[in-house]
Structure formats: structure tokens, C-alpha cells
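Colleague: Below is the sequence, then the predicted model.
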Amino acid sequence: MLVQRLKAFVGVILATVLVLGAWAQAPQQNYKDRAEYDLYSSILKETNAQKKLELLNQWKDKYPATDFKSERLALYLTAYQALNKGPEMLATAKEMVAANPKNMQGLYWVAIFTLNNTSADQLEAGQKAAQSLLANVEETFAAAKKPAAVPEEAWKKERNNIEILAHTTLGWVAMTRKENDSAVQAFKKVLEINAVNAQVSYWLGTVMLRKAETQGEGLYHIARASVLEGQGAMDPNTKGQLQAYIQKVYAQYHGDSSGLDELKAKAKESVMPPADFKVKRADEMAAEKEEEFRKTNPMMALWMSIKKELTGANSDAYFASSVKDAHLPGGAMGVEKFKGKVIEQKPARNPKEIVLGISDATTPEVTLKLETGFMAGTAPVGTEIEFTGVVSSFTKDPFMVTMDVEKKEQISGWPAPAPAVKKAAPKKAAPKKKEFPLPDGRGSVTRLPSRARRSHLVAAQIVVVQVFQPAPQFVVLHLVGGGRGRLGRFEHRFLHVDRAIQAQGDGQRVGRARIDADQLPVPVQPDQRVEGIVLQFVHHHLADAGAQAQQQSLDQVVGHGPGRGHLLDLQGDGVGFVNADPDGQNGVAVDVFQNHDRHIGDRIHHQPADLHLDFHGGSLTTPLDQIAHQRVRTGPRDAHWQAGTG
């Protein structure tokens, strides 16, 4: 396209200049004869290019030597141009330059025919012709030589066209020879003279793409060539091809097509890029993305780096030198543990091998070997866990890294084993309480079934809620003299007939008598064998030898220690009077801790006791209130209990 425009230009401008020059020089030249003059005149008048060429050949044959040799070559050149005979034109132009090195018409055509020609001879001839054009342009287009009919602006424009051709030819020669710096310099000279030159912008971009440091700017000039419109632009077909080309090379350089539209817009506005212009390379973009990736996901960045090396050409060497027996990730890039998703586990429960995917949830990449199989239970596929371990081996294809894990603490995120499902035990009804009335309607006792009595440590209430109302006054009698017989009748009437509880292997007696005056009541700590009595205030008439009505004897509260036999309930562990006081007199309740067998306490059996009292020591001169101060001891095998003072 450029060559065709240049050819058209030469045919109009330079031909005019040469014709004017020829006429100016004609009076000084001589014809050989009239026939040469007539022949020359007929050639100038002939408009048919082919007939003109025939006449020129006649002139050359008849007059090989002539004073008008340069004019004849110029006429040959125009005839060949009209007939589109390029090689003949180039040969003629070279002949013209050989005859006169300053022949601007010959130099011009030699330069034009160098473009798109890559032969060494033509490149050499074209370089010389371009240099000669630049060297003679001042003289050729001097103001004094301007024809009067040519406007000043047109004269200056034709000079610029000569310079454009010369620099374009020099750039082409340097580009073809891969003299890139010289080519860039020459092409930029062209664009300084004429900014709208899509062909030169494309060539300039092509040269600049050859060097890494100028590739970004090269993309700029190619983009400009693809968007220029009007005079100096590419033809539509070439322009379409160029747009596809810039799309391809830009994506290769940048990594994708992002920013290309912005680049085209800038290139269309200005022939040269701004000073701060830069198109980032794909590796720069990748480095920036990788750096951003390292900041946002250092674990994945580290893993991808390791995987890249283990799948590369030098994978074995990298594994041996940097990975084998290494504890990974080991804190590299601040990463303490890798994260992966469970793909498979062997066996399905309590696994000893776990296959994980790190890059995604479906690609197996890591196998964890658990030396002792310490992971209990199972993890659903897709469960994300964190881990660290020592690399023992790897395979490149299919890719797999095997790591040994020694401790459970090296893995986190493993689901806790689900607890075994137990059937709920049927609820048992609360044990029913049984109440038994005391004789003569003096209260009742409550007894729990024996299955409710189990051993455990509780705060047991030892003391009875209420105590008996003192016996009727007729019970109070003097025990001196015949008092013994009266007690016998009392026993027989109230406590012996059809009301006796026969002892079932427990021996009972009152031992270790205590005589105290007025004492504060203190709970006695129960033990495994001894029953303690809560001491009461006692009003004791020391001077009175006779017995007085003693309520205290019956006001005592008896507590049993666990695990022993009892007076009133031979199956329970604790006894106490309940609801025995018709007049509402209450006893005192004191709590103590005891090693109990889940049995809170038994109450008095509904059967009255068979009290076979054996009084030792003759007469009963001991007051009954002293008996109340005795501690009752139960023996494991004695069938009776005895009261005594010693």
C-alpha cells in the first residue's frame, strides 16, 4: 500500500520537476541531427505507453550515445511505470543513479523498490539511495529551484515526502537486517514528520516487540496501526487482520486481554505513548497475583509452590534435596498446618490412612499414615482437617505425597466419635411409704421398703420428730422395797401379752452408765455398732431415794448407726419414734453425716417390744433418770437387751 502511494507520488511531482529541468537544459545540449530531434519530439508527444516505449527503443538503437541520455532514461522510467514493469523500472533507476549519483529521480525509485525487498543487494542499494536523498534534499528543494507554478506549501510537502521515503527505506533496511535500534530511530523519524502512517507504526511496533524492555511500547504502536482511520490508515482487510493480531500478542504479553481497549483508545489519540506508559507483562501480573495470593491464602500458595516443583522436570532432585524427611509445612511462609478435605479413609472407622485433597475436594494429593491408628471414629467425605507431618515419599504421576503422622495433636478438625446410643431405662415408681400405728393410738411410724435402702453418704436425720407422752402417773412408783414386783406386773400387763417382738439375733443392753446433772443436749456421732442418745436436761433429786415420775426415760431419742441390728426393727438400719406425742411435744432434730446405704431411716415397728428386763444387783434403787443417761449397745447375736448400772 505504501509503495503504491509512493509510486503515484513520483509520477506526478518528480516528473514535473525533471521536465522543467530538462527544458531549462535543452538549449545547452546538441542533437546529432534533425532525425534525432524529430524522434525525441515524437516521444514527448506520444501518450500511448507502449508506442512510447517502442519509439524509445528506436532512439536508443539509432543513437546509443546522445547528449540527452538522462532525459531518455527518465522517459523509459515513465513508460515502464505506465506499463507496470517494476523490474525494468528498477534497472532504469539504477542506471540513472550510476550515471549521476545525485539524480533524485533515480535515487527515489531505487529507494521505493527496496521496500518489501529483502535481497542483500537491494538492501545495500536502497540504503545508499536513501542516504543520498537525505544528503541532496536541501539542494534539490532549495527555494531558488522551486518552479513558479508550484505553491510554497506544496513544495515543502514534496520535500517532506522525500524525507519520509528516505527514513522509511533506512528503517526497512535496518529492520530486515535486525538492526533494531537503527530501525526504531528511522521509523520514529518518519512518524515525527507524518504522525498518521499506519504502515510505519506497525513496523515500529514489530521491531520493538523484539526486545523485552520495549515490548510494551511496541504493543502501543501496533494498537495504533489497528485503529487509525482515513488517510494513512490500513485498508479494511489489512486492518481486520491487524486487529486480530494485536488481540493475540497483547494477551500473550499481558496474560489476558484486560486493558486492551484502554490501550487502543490512548494509541488512537497520540502517535507516541505518554512518559509513564507501561503494559504489565504476564509474569509481572502473575507475580502480583501470586503475592496477593500469598497474603490472602499463604497455606494454599505454599502448597501450590511445592506441587509445582514436584511435578516439574527436576521433581526428583527437588524432592531429595528439599522435601524428603521434612516436617511440613514447618512454619514456612507462616503456615503451621496444611488444610485438606477428606476423600478416603482406610479402614472406614478408626482409620490408619487418610487421603486428602488440598487444591480441591476431589483430587487426591496427600496420604496421611497414622502410625498407631489413634484417630477414633470416622469423618464424612469432604470434612476439612488441618494437619502436619513428615514427608516419606511421593509419586509424580499420579501425583501423591505421603506423610507420616505420629501424634494425634498433629491433626485437628477430626469429628469426635458419636456416643453410643443407650435405651432409656424404664422409670420406676417411687417406693411407697408404709405407716404403722403405734399402740393405743399414740402415733405411727413410717417404713420404707428394704430395696430403697442403699449405702451412700447422706446427712441423716437421727432425731425423732416427736416423743412419747409420759406414761400415766400410776406408772410412777417407788422402786424401794416391793417396787420390783410392781414392775413385773407392769411389764406383764402392758408389754408382754401378745405384743412381744421376739429378738432375732441381736443382743442389747445398757452399758457405760452416765450420771449427769444439767447438761446441754449434744448429738452423739453414730458409728458402726453404737447407738447414741441425745442428752437432755435432767432434773435429778439427788437427795430423794425414791423414784419419781420420770418422763426423761421415755423422752430419749435413740439413733442407730448404719449396718447393725436394731431393737425395734430387725430389718432396718435406723430407728426413731414418730408421731408419739399426743400433746404435740416435739423432739429436737439434729443432722449428722453418716455412711448410709441410701436408707433414710426406719421407724418403730408396729409390734410392741417384749421387754424382759433383767435387773442386776438386787433392789432397784437406781433412779430411772439415770437409766435415761445410759448408752444403749446392741450386740450382733444377743436375743435380749439388758439394762444395768455397770
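Modeller: Noted; the coordinates are in hand.

Colleague: buried stuff in stretch 263-279?
Modeller: L263, K264, A267, V271, P273, V279 (16 or more other CB atoms under 10 Å). Heads up, the C-betas are built off the backbone N, CA and C, glycines and all.

Colleague: hang on, I meant stretch 375-393
Modeller: For stretch 375-393, by 16+ other CB under 10 Å, it's M375, T378, A379, T383, I385, F387, T388, G389, V390, V391.

Colleague: Pull it out as PDB, backbone CA atoms only.
Modeller: Extracted in PDB, the C-alpha atoms of stretch 375-393 (Å, rounded to 0.1, in the frame of the first residue of the first chain):
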ATOM      1  CA  MET A 375      -7.900 -41.400  65.200                       C
ATOM      2  CA  ALA A 376     -11.200 -42.700  66.600                       C
ATOM      3  CA  GLY A 377     -14.400 -42.900  64.700                       C
ATOM      4  CA  THR A 378     -14.800 -41.700  61.100                       C
ATOM      5  CA  ALA A 379     -15.000 -38.400  59.200                       C
ATOM      6  CA  PRO A 380     -17.600 -37.800  56.400                       C
ATOM      7  CA  VAL A 381     -16.100 -37.300  52.900                       C
ATOM      8  CA  GLY A 382     -15.500 -33.500  52.500                       C
ATOM      9  CA  THR A 383     -14.600 -32.900  56.100                       C
ATOM     10  CA  GLU A 384     -11.800 -30.300  56.300                       C
ATOM     11  CA  ILE A 385      -9.000 -31.100  58.700                       C
ATOM     12  CA  GLU A 386      -5.700 -29.400  59.400                       C
ATOM     13  CA  PHE A 387      -2.500 -31.500  59.600                       C
ATOM     14  CA  THR A 388       1.200 -31.600  59.700                       C
ATOM     15  CA  GLY A 389       3.600 -34.500  59.200                       C
ATOM     16  CA  VAL A 390       6.900 -35.800  57.900                       C
ATOM     17  CA  VAL A 391       7.100 -36.500  54.100                       C
ATOM     18  CA  SER A 392       8.200 -40.000  53.400                       C
ATOM     19  CA  SER A 393       7.600 -40.400  49.700                       C
END
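
Colleague: hmm, who's touching the strand with the most length in the chain?
Modeller: What stands out as the longest strand in the chain, according to DSSP state E, is strand 338-346. Applying CB atoms under 8 Å, 6 or more residues apart in numbering, the external contacts of strand 338-346 come out as 299, 303, 328-329, 351-358, 360-362, 364-366, 378-388.

Colleague: Sort out which residues of it are buried, please.
Modeller: For strand 338-346, the neighbour count (16+ other CB under 10 Å) marks F338, K339, G340, K341, V342, I343, Q345 as buried.

Colleague: if I pick the nearest residue to the fourth one once chain neighbours are set aside, what's in contact with it?
Modeller: Nearest residue to K341, sequence neighbours excluded (CB to CB, 6 or more residues apart in numbering): A361, at 4.4 Å. A361 makes contact with K341, I343, G382, according to CB under 8 Å, 6+ apart.

Colleague: Just the mean pLDDT for the strand or helix carrying Q241, thanks.
Modeller: With secondary structure defined by DSSP states H and E, Q241 is part of helix 236-254. For helix 236-254, the mean pLDDT works out to 95.

Colleague: For that helix, buried residues please.
Modeller: T238, K239, L242, Q243, Y245, I246, V249, Y250, Y253, H254.

Colleague: what comes into contact with the helix or strand just after that helix?
Modeller: Using DSSP H and E, the helix or strand that follows helix 236-254 in sequence is helix 260-269. The contact list for helix 260-269 (CB under 8 Å, 6+ apart) reads 219-221, 223-224, 226-228, 246-247, 250-251, 254, 273-274, 277, 279.

Colleague: before we move on, the earlier item: next, the angle helix 260-269 makes with the helix holding Q241.
Modeller: 120 degrees (axes from the mean of the first three to the mean of the last three CA atoms, to 10 degrees).

Colleague: What is helix 236-254 packed up against?
Modeller: Contact partners of helix 236-254 among helices and strands, from 3 or more CB pairs under 8 Å, 6 or more residues apart in numbering; DSSP states H and E: helix 215-227, helix 260-269, helix 282-296.

Colleague: V355 belongs to a strand?
Modeller: Yes. Per DSSP: H, G, I helix; E, B strand; the rest coil, V355 lies within a strand segment.

Colleague: what mean pLDDT would you report for stretch 323-340?
Modeller: 93.

Colleague: Pull out the buried positions in it.
Modeller: Quick answer for stretch 323-340 (16+ other CB under 10 Å): V323, L328, P329, V335, K337, F338, K339, G340.

Colleague: For stretch 35-45, output the C-alpha coordinates as CSV.
Modeller: As requested, the backbone C-alpha atoms of stretch 35-45 are provided in CSV (Å, rounded to 0.1, in the frame of the first residue of the first chain):
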residue,chain,number,x,y,z
ALA,A,35,16.2,13.0,-37.2
GLU,A,36,17.2,12.6,-33.5
TYR,A,37,15.4,15.9,-32.8
ASP,A,38,12.3,14.7,-34.5
LEU,A,39,12.4,11.3,-32.8
TYR,A,40,12.8,12.9,-29.4
SER,A,41,9.9,15.3,-30.1
SER,A,42,7.6,12.4,-31.2
ILE,A,43,8.4,10.5,-27.9
LEU,A,44,7.4,13.5,-25.8
LYS,A,45,4.1,13.9,-27.7
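
Colleague: Could you list the residues in contact with it?
Modeller: Residues outside stretch 35-45 that contact it (CB under 8 Å, 6+ apart): Y31, K52, L55, L56, Q58, W59, K62, Y63, T66, F68, E71, L75.

Colleague: Of all pairs in those residues, which one is the farthest apart?
Modeller: Largest separation among the contacts of stretch 35-45 by CB to CB: Y31 and K52, giving 18.8 Å.

Colleague: With neighbour numbers in mind, choose between those two.
Modeller: K52 (21 against 17; other CB atoms under 10 Å).

Colleague: so how far is D61 from the more buried one?
Modeller: 15 Å (CB to CB, to the nearest Å).

Colleague: quick one on the thing from earlier: what's the angle between the helix holding Q241 and helix 215-227?
Modeller: Using the same axes, to 10 degrees, helix 236-254 lies at 160 degrees relative to helix 215-227.

Colleague: by how many degrees do helix 236-254 and helix 282-296 diverge?
Modeller: When the same axes, to 10 degrees is applied, the directions of helix 236-254 and helix 282-296 differ by 40 degrees.

Colleague: So that it lines up with my notes, have the first residue be 30 from now on.
Modeller: Happy to do that; since the first residue is 30 now, the last one works out to helix 265-283.

Colleague: pLDDT below threshold where in this structure?
Modeller: For the chain, applying pLDDT under 70 flags the ranges 30-57, 402, 449-675.

Colleague: Buried ones in the strand or helix carrying K185, by neighbour count?
Modeller: According to DSSP H and E, K185 maps onto helix 181-205. Using 16+ other CB under 10 Å as the test for burial, helix 181-205 gives 184, 187-188, 190-205.
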